[in-house]
Every structure is written in structure tokens, then in C-alpha cells.
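Engineer: can't give you the sequence, but here's the structure:
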């Protein structure tokens, strides 16, 4: 596969850095650098796309190993602040029979109130990606707003992935206003049926889309795993079938979909905003690439597209 991508384009991914430990039948079977935006960043870095991971990491041995791993995979860590005296967060992912994960998190004050992280200048051809709990917890609210303002003033495309875990349902009433605020700031929302069931109590894509439109977002990519994907936009919708695959693990599948989507947008040769403004249904090819990336990740215990697969994709 050949992707024609302007090497001057950048992705800024704001999110949490964790170390994932995957367990099956209570037994650890895999450990690797994780966090939704980190996973997306590694897949993009393996493609040779300029990507900045924005967030924090501990100054422990785990954090040191994660930073080295990111460097090997061409992820820029200029915007990844090392928290002195703090441990890197851990995430335990318990796989069920369908290889779907439920999570427990262990954190050491990952983002103190008032802390800020700056990013390099962005432009209209760039993309700002954010999401997960890291983007809605009170400690990061000011930072999220600042980064969104930067992205909007640069006319960058803003993509939001709520990635709202069942583990956070007990805080839904407290967190939902931040989710709505993030949705209203986004040009495109990409979320799973499980995300929206947790957030809105419904897995009906039309119900979810109407909620998004009410707060100002008009483009929704609604993923349903093996049941397909809806892309809903002003005046229409498209449905994409997904190939059945016997998963080894679904951890990172949605994050890798995001990497495929973003690299596919870059390959179109125009900005993401131009794509959705000129042709509201124009994301078909990027979505298909996202599906393929997600399928590849489901076939391994890694959270990102395999390097052997990325090496076969020519960027020019």
C-alpha cells in the first residue's frame, strides 16, 4: 500500500500514558506501553507520520522504558512531561471469552491542577486528537480548553474519542458535562457503541447523533466491532461492514482505527476540514483504512499496528 502524505502535516494526541498489563483467566499474558492516545501515536509513528504525544509520564523505570519505546517508534515526546517523584500509571486489562477487556487503573496523581503543557505551532493541515478519561477529569479541564483553543485558532481538525469505560460509570453525573463540552468542540467524534451506551444510555446511532448535533458536532463515526460502522453526517449516512476476525485481544483496536482514519485523511491530499466541508460523506476511504488497522491489531497482543505491517506501507 502506498500513502501520499505531505510530510509537513502533524498530529497532536493529548492523552494518558500508562503501562498495560493484559490478563487472561487471571494470568498476565502481555505487558506494553498503553493509553488510547499513545496507542494511536505509535501506529502513526510507525508509518512515519509526525506525531506528538501530549501528556505526562512518571520518572520511574516504567516511564523511562515507555519513553525509549516511543522514541524507537518515532513518536515525538517533546510535549510529554516527566513528573518528578511520581510513578507511571498502570492499567490492568482483564480479557473475557470474547477477548474484550475490562479495566482497573492504578494512578499516582497523573496531572496536578494548574499544570500546563505547550505544543508546537499547529496549522490547518494538522489534526488534534484527544479523548478518554484523561480529557474529562477536573485536573485537565483547563489544559484541554487551552489546547482546543490553540487547535481552533490554527484551523486544525479536532477529533474526539470519548472512550468512556464502564469503570467510570459511578462518576457519570460528574463527568458528563465535560464530555458534552468536548463533543461540542470537536469537528468529528469517533466512538464505540459501548461508549455511547455508557454515556447516554442508548446504543441507537440516530439517538447518539441527535445528541451530538444538539451540542454542535455534525460528524459521527459510530463503531460496533464486528457488527460494522456507521458514518453519519449532515444529510446522510454510510454503513461499512467489518470483516470477521478471531481476536487475540481487542485492546487498542479502536485506537488503531483512529490511526488508520487519520493517516487516511492525510493521504487524501487536502485538510480534514476541507474533506468534510466539500463532501460530507467524503471520509469513506479513511474509514476503510481504519477498519483494516483495527483488524490487524485484534490479531495480536500489541496495542498498535504491527511494525512488519507498517513497514509494508510506503509513505511518499
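Structural biologist: Okay, I see it. Keep in mind it's a predicted model, so treat the numbers as computed, not measured.

Engineer: Show me what secondary structure element comes after the helix or strand hosting residue 55.
Structural biologist: Using DSSP states H and E, residue 55 maps to strand 50-58. Beyond strand 50-58 on the C-terminal side, the first helix or strand identified by DSSP H and E is helix 61-72.

Engineer: Adjacent strands (with direction) for the helix or strand following that next one?
Structural biologist: Using DSSP H and E, the helix or strand that follows helix 61-72 in sequence is strand 80-83. With DSSP bridges as the test, strand 80-83 is paired with strand 50-58 (parallel).

Engineer: residues of the strand holding residue 55 that come out buried?
Structural biologist: Of the residues in strand 50-58, 50-58 count as buried by neighbour count, 16 or more other C-beta atoms under 10 Å. (Glycine included, C-beta is placed from N, CA and C.)

Engineer: how close does the residue nearest to residue 92 when sequence neighbours are not counted get to residue 93?
Structural biologist: Closest residue to residue 92 apart from its sequence neighbours, by C-beta to C-beta, 6 or more residues apart in numbering: residue 104 at 4.6 Å. Residue 104 sits 9 Å away from residue 93, going by C-beta to C-beta, to the nearest Å.

Engineer: Same question for residue 10.
Structural biologist: 30 Å.

Engineer: and if you look at residue 140?
Structural biologist: 22 Å.

Engineer: What's the first helix or strand after the host helix or strand of residue 195?
Structural biologist: Counting by DSSP H and E, the element that carries residue 195 is helix 193-200. Going down the chain from helix 193-200, the next helix or strand is helix 205-214, by DSSP H and E.

Engineer: Out of the buried residues of strand 50-58, which comes closest to residue 130?
Structural biologist: Distance to residue 130 across the buried residues of strand 50-58 (C-beta to C-beta) is lowest for residue 54, with 8.4 Å.

Engineer: so what's that closest one up against?
Structural biologist: Listed by C-beta atoms under 8 Å, 6 or more residues apart in numbering, the contact set of residue 54 reads 12-15, 37, 79-80, 117, 119, 147.

Engineer: again with residue 59
Structural biologist: Applying C-beta under 8 Å, 6+ apart, the residues near residue 59 are 82-86.

Engineer: so which pair among those is furthest apart in space?
Structural biologist: The widest separation within the contacts of residue 59 (C-beta to C-beta) is 10.2 Å, between 82 and 85.

Engineer: of those two, who's got more company?
Structural biologist: More crowded of residue 82 and residue 85, by other C-beta atoms under 10 Å: residue 82, with 15 against 9.

Engineer: so where do the strands sit in the stretch 51-200 of the chain?
Structural biologist: 80-83, 89-95, 101-106, 127-131, 157-161, 188-192 (DSSP state E, counting those that start in this stretch).

Engineer: can I get the ones you listed in JSON lines with distance to residue 43 and mean pLDDT?
Structural biologist: Output for the strands of the stretch 51-200 of the chain, formatted as JSON lines (distance: least, C-beta to C-beta, whole Å; pLDDT from 0 to 100):
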{"stretch": "strand 80-83", "distance to residue 43": "17", "mean pLDDT": "94"}
{"stretch": "strand 89-95", "distance to residue 43": "18", "mean pLDDT": "93"}
{"stretch": "strand 101-106", "distance to residue 43": "18", "mean pLDDT": "89"}
{"stretch": "strand 127-131", "distance to residue 43": "12", "mean pLDDT": "98"}
{"stretch": "strand 157-161", "distance to residue 43": "14", "mean pLDDT": "98"}
{"stretch": "strand 188-192", "distance to residue 43": "14", "mean pLDDT": "97"}
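
Engineer: how about the ones you listed in TSV, adding distance to residue 276?
Structural biologist: Formatted as TSV, these follow (distance: least, C-beta to C-beta, whole Å):
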stretch	distance to residue 276
strand 80-83	30
strand 89-95	33
strand 101-106	31
strand 127-131	12
strand 157-161	8
strand 188-192	7
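
Engineer: Of all the ones you listed, which one comes closest to residue 245?
Structural biologist: With C-beta to C-beta, the closest approach to residue 245 among the strands of the stretch 51-200 of the chain belongs to strand 89-95: 15.2 Å.

Engineer: That closest one: how far from the chain's middle?
Structural biologist: How far strand 89-95 lies from its chain's middle: 17 Å, per C-alpha atoms, centre = their mean, to the nearest Å.

Engineer: Okay, now the sheet partners of that strand, with direction.
Structural biologist: Sheet pairing of strand 89-95 (DSSP bridges) gives strand 18-24 (parallel), strand 101-106 (antiparallel).

Engineer: Just say which of those is most tucked in.
Structural biologist: strand 18-24 (a mean of 21; mean count of other C-beta atoms under 10 Å).

Engineer: roughly how far is that one from the heart of the chain?
Structural biologist: 18 Å.

Engineer: Downstream of it, the next helix or strand is which one?
Structural biologist: strand 27-34.

Engineer: In that following strand, which residues are buried?
Structural biologist: Residues of strand 27-34 classed as buried by neighbour count (16+ other C-beta under 10 Å): 30, 32-34.
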